[in-house]
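**Q** Build the 3D model from these lines:
(one chain, ligands or ions: 1)
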Amino acid sequence: MPQIQHHIALPSGTTGARRAVSIGTLAAEVSLACEIANGMAARVRQALECAVSDPELLTPEQRETCAAGYARHVIYSDPLGRFTILAIVWGEGQFSPSHAHDTWCAYAVYENPLQETIYAIEPQETKARQVCTKVRNPRYSCFAGAGLDQIHRLGNSGTMPAISIHVYGVARDRVGTHVNRILEIEDERGSVA
Ligand SMILES: [Fe+2]
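**A** Take a look at the predicted model:
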(Lines give C-alpha, C1' and ligand atoms only; values in the text may rest on other atoms or scores of the structure.)
Protein backbone atom coordinates (compact mmCIF):
# COMPACT_ATOMS: atom_id res chain seq x y z
CA MET A 1 0.00 0.00 0.00
CA PRO A 2 1.54 3.35 -0.99
CA GLN A 3 2.54 5.74 1.75
CA ILE A 4 0.42 8.82 2.30
CA GLN A 5 2.33 12.06 2.01
CA HIS A 6 1.14 15.22 3.66
CA HIS A 7 1.56 18.49 1.82
CA ILE A 8 -0.54 21.47 2.78
CA ALA A 9 -0.59 24.22 0.15
CA LEU A 10 0.98 27.40 1.50
CA PRO A 11 0.60 30.74 -0.25
CA SER A 12 3.76 31.96 -1.98
CA GLY A 13 3.27 34.87 -4.36
CA THR A 14 0.38 35.21 -6.79
CA THR A 15 0.26 31.54 -7.78
CA GLY A 16 0.36 30.41 -4.18
CA ALA A 17 -2.35 32.86 -3.18
CA ARG A 18 -4.60 31.72 -6.03
CA ARG A 19 -3.94 28.10 -5.12
CA ALA A 20 -4.84 28.79 -1.50
CA VAL A 21 -8.12 30.37 -2.65
CA SER A 22 -8.96 27.35 -4.84
CA ILE A 23 -8.22 24.86 -2.06
CA GLY A 24 -9.98 27.04 0.50
CA THR A 25 -13.07 27.36 -1.71
CA LEU A 26 -13.18 23.60 -2.27
CA ALA A 27 -12.80 22.94 1.45
CA ALA A 28 -15.49 25.51 2.33
CA GLU A 29 -17.95 24.03 -0.17
CA VAL A 30 -17.36 20.48 1.08
CA SER A 31 -17.75 21.75 4.64
CA LEU A 32 -21.11 23.30 3.74
CA ALA A 33 -22.13 20.10 1.95
CA CYS A 34 -21.50 18.17 5.18
CA GLU A 35 -24.07 20.38 6.90
CA ILE A 36 -26.99 19.90 4.51
CA ALA A 37 -29.49 17.06 4.58
CA ASN A 38 -30.06 16.82 0.83
CA GLY A 39 -27.92 17.60 -2.15
CA MET A 40 -24.56 16.76 -0.61
CA ALA A 41 -23.42 14.69 -3.60
CA ALA A 42 -24.20 17.40 -6.15
CA ARG A 43 -22.55 20.08 -4.04
CA VAL A 44 -19.34 18.12 -3.51
CA ARG A 45 -19.15 17.20 -7.20
CA GLN A 46 -19.70 20.79 -8.26
CA ALA A 47 -16.97 21.97 -5.88
CA LEU A 48 -14.58 19.34 -7.23
CA GLU A 49 -15.35 20.23 -10.85
CA CYS A 50 -14.63 23.86 -10.07
CA ALA A 51 -11.35 22.99 -8.31
CA VAL A 52 -10.03 20.85 -11.15
CA SER A 53 -10.57 23.73 -13.58
CA ASP A 54 -7.67 25.56 -11.88
CA PRO A 55 -4.45 24.59 -13.71
CA GLU A 56 -2.40 25.72 -10.70
CA LEU A 57 -4.37 23.89 -8.04
CA LEU A 58 -1.36 21.82 -6.93
CA THR A 59 2.20 22.53 -5.88
CA PRO A 60 5.03 20.72 -7.71
CA GLU A 61 5.38 18.43 -4.67
CA GLN A 62 1.71 17.49 -4.89
CA ARG A 63 2.23 16.39 -8.49
CA GLU A 64 4.99 13.95 -7.69
CA THR A 65 4.62 10.29 -8.55
CA CYS A 66 5.79 7.43 -6.36
CA ALA A 67 7.60 4.46 -7.90
CA ALA A 68 6.14 2.06 -5.32
CA GLY A 69 2.51 2.81 -6.23
CA TYR A 70 0.05 5.64 -6.81
CA ALA A 71 0.97 8.67 -4.69
CA ARG A 72 -1.56 10.17 -2.27
CA HIS A 73 -0.87 13.76 -1.27
CA VAL A 74 -3.07 15.27 1.42
CA ILE A 75 -3.94 18.81 0.31
CA TYR A 76 -6.49 19.66 3.00
CA SER A 77 -7.79 18.12 6.19
CA ASP A 78 -10.94 19.38 7.85
CA PRO A 79 -10.17 20.68 11.36
CA LEU A 80 -13.34 18.94 12.58
CA GLY A 81 -12.19 15.63 11.08
CA ARG A 82 -15.23 15.30 8.79
CA PHE A 83 -13.27 14.93 5.55
CA THR A 84 -9.86 14.93 3.92
CA ILE A 85 -8.94 16.09 0.41
CA LEU A 86 -6.16 14.37 -1.50
CA ALA A 87 -4.44 14.65 -4.85
CA ILE A 88 -3.74 11.16 -6.15
CA VAL A 89 -1.00 10.91 -8.76
CA TRP A 90 -1.09 7.80 -10.90
CA GLY A 91 2.11 6.85 -12.67
CA GLU A 92 2.10 4.81 -15.87
CA GLY A 93 0.41 1.45 -15.23
CA GLN A 94 -0.47 2.20 -11.59
CA PHE A 95 -3.90 1.04 -10.41
CA SER A 96 -5.80 0.81 -7.15
CA PRO A 97 -7.10 -2.56 -5.98
CA SER A 98 -10.77 -3.34 -6.67
CA HIS A 99 -12.63 -1.90 -3.70
CA ALA A 100 -15.82 -0.58 -2.14
CA HIS A 101 -15.72 2.17 0.49
CA ASP A 102 -16.19 2.39 4.23
CA THR A 103 -17.00 6.10 3.93
CA TRP A 104 -18.61 8.50 1.48
CA CYS A 105 -16.20 9.66 -1.17
CA ALA A 106 -15.96 11.70 -4.34
CA TYR A 107 -13.38 12.38 -6.98
CA ALA A 108 -12.78 14.45 -10.08
CA VAL A 109 -10.15 13.87 -12.75
CA TYR A 110 -7.65 16.70 -12.87
CA GLU A 111 -4.98 15.90 -15.43
CA ASN A 112 -4.85 13.18 -18.11
CA PRO A 113 -7.45 10.42 -18.40
CA LEU A 114 -7.97 7.68 -15.84
CA GLN A 115 -9.38 4.23 -16.41
CA GLU A 116 -12.18 3.08 -14.11
CA THR A 117 -13.51 -0.46 -13.94
CA ILE A 118 -16.94 -0.80 -12.31
CA TYR A 119 -18.08 -3.88 -10.40
CA ALA A 120 -21.38 -5.00 -8.88
CA ILE A 121 -22.27 -7.51 -6.20
CA GLU A 122 -25.52 -9.36 -5.56
CA PRO A 123 -26.96 -9.34 -2.00
CA GLN A 124 -26.15 -12.97 -1.26
CA GLU A 125 -22.82 -13.08 -3.11
CA THR A 126 -19.36 -12.75 -1.59
CA LYS A 127 -17.56 -11.82 -4.82
CA ALA A 128 -18.16 -8.82 -7.06
CA ARG A 129 -18.42 -9.19 -10.82
CA GLN A 130 -17.00 -6.84 -13.41
CA VAL A 131 -19.58 -4.68 -15.20
CA CYS A 132 -17.61 -2.39 -17.52
CA THR A 133 -14.48 -0.31 -17.93
CA LYS A 134 -14.66 3.41 -18.72
CA VAL A 135 -12.22 6.13 -19.64
CA ARG A 136 -12.63 9.10 -17.25
CA ASN A 137 -11.41 12.32 -18.80
CA PRO A 138 -10.37 15.51 -16.95
CA ARG A 139 -13.34 17.27 -15.24
CA TYR A 140 -15.25 14.01 -14.84
CA SER A 141 -16.60 13.74 -11.29
CA CYS A 142 -18.58 11.29 -9.20
CA PHE A 143 -19.80 10.81 -5.64
CA ALA A 144 -20.51 7.56 -3.79
CA GLY A 145 -21.94 6.70 -0.42
CA ALA A 146 -20.37 4.32 2.05
CA GLY A 147 -20.89 0.59 1.57
CA LEU A 148 -21.44 -1.10 -1.79
CA ASP A 149 -22.71 2.01 -3.58
CA GLN A 150 -19.58 2.12 -5.71
CA ILE A 151 -17.24 -0.81 -6.33
CA HIS A 152 -14.42 0.13 -8.63
CA ARG A 153 -10.79 0.08 -9.59
CA LEU A 154 -9.08 3.25 -10.75
CA GLY A 155 -5.79 3.65 -12.51
CA ASN A 156 -3.69 4.97 -15.31
CA SER A 157 -3.35 2.93 -18.50
CA GLY A 158 -1.60 5.81 -20.28
CA THR A 159 2.05 6.75 -20.43
CA MET A 160 1.86 10.18 -18.76
CA PRO A 161 1.14 10.64 -15.04
CA ALA A 162 -2.57 11.23 -14.35
CA ILE A 163 -3.96 13.17 -11.38
CA SER A 164 -7.32 13.05 -9.63
CA ILE A 165 -8.64 15.01 -6.65
CA HIS A 166 -10.47 12.97 -4.01
CA VAL A 167 -12.58 13.83 -0.99
CA TYR A 168 -13.07 11.16 1.67
CA GLY A 169 -15.44 11.46 4.62
CA VAL A 170 -12.84 10.60 7.23
CA ALA A 171 -10.24 12.46 9.25
CA ARG A 172 -6.73 12.65 7.86
CA ASP A 173 -5.28 9.96 10.12
CA ARG A 174 -7.90 7.46 8.89
CA VAL A 175 -7.43 7.88 5.15
CA GLY A 176 -5.03 4.96 4.91
CA THR A 177 -7.16 2.61 7.03
CA HIS A 178 -10.86 3.55 6.87
CA VAL A 179 -11.58 4.32 3.20
CA ASN A 180 -11.06 1.34 0.89
CA ARG A 181 -12.90 -1.94 1.50
CA ILE A 182 -11.12 -4.57 -0.59
CA LEU A 183 -13.46 -7.06 -2.28
CA GLU A 184 -12.93 -10.38 -4.02
CA ILE A 185 -13.66 -10.23 -7.73
CA GLU A 186 -15.40 -12.99 -9.65
CA ASP A 187 -14.76 -12.02 -13.24
CA GLU A 188 -12.05 -9.71 -14.59
CA ARG A 189 -13.36 -9.54 -18.18
CA GLY A 190 -14.78 -6.36 -19.67
CA SER A 191 -14.44 -3.84 -22.44
CA VAL A 192 -13.16 -0.28 -22.42
CA ALA A 193 -15.87 2.24 -23.37
FE1 LIG B 1 -12.52 4.36 -4.53
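
**Q** need the strands for the chain, in chain order.
**A** Assigned by DSSP state E, the strands in the chain fall at 4-6, 71-77, 84-90, 99-101, 105-111, 114-120, 127-136, 141-144, 147-155, 162-168, 180-182, 184-187.

**Q** Adding mean pLDDT and mean neighbour count, write those strands out as CSV.
**A** To be clear about C-beta, it is placed using only N, CA and C from the backbone, and glycine gets the same treatment. CSV is the format used below for these (pLDDT from 0 to 100; neighbours: other C-beta atoms under 10 Å):
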stretch, mean pLDDT, mean neighbour count
strand 4-6, 60, 14
strand 71-77, 97, 21
strand 84-90, 98, 25
strand 99-101, 92, 20
strand 105-111, 98, 24
strand 114-120, 96, 20
strand 127-136, 94, 16
strand 141-144, 96, 19
strand 147-155, 91, 18
strand 162-168, 98, 24
strand 180-182, 86, 14
strand 184-187, 76, 13
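
**Q** and the nearest residue to residue 46 once chain neighbours are set aside, what does it touch?
**A** Excluding its sequence neighbours, the residue lying closest to residue 46 (C-beta to C-beta, 6 or more residues apart in numbering) is residue 29, at 7.4 Å. For residue 29, the contact set (C-beta atoms under 8 Å, 6 or more residues apart in numbering) comprises 43, 44, 46, 47, 50.

**Q** about what we covered before: export the strands of the chain to CSV and tack on distance to residue 18?
**A** Output for the strands of the chain, formatted as CSV (distance: least, C-beta to C-beta, whole Å):
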stretch, distance to residue 18
strand 4-6, 22
strand 71-77, 14
strand 84-90, 16
strand 99-101, 31
strand 105-111, 16
strand 114-120, 25
strand 127-136, 26
strand 141-144, 21
strand 147-155, 28
strand 162-168, 16
strand 180-182, 32
strand 184-187, 42
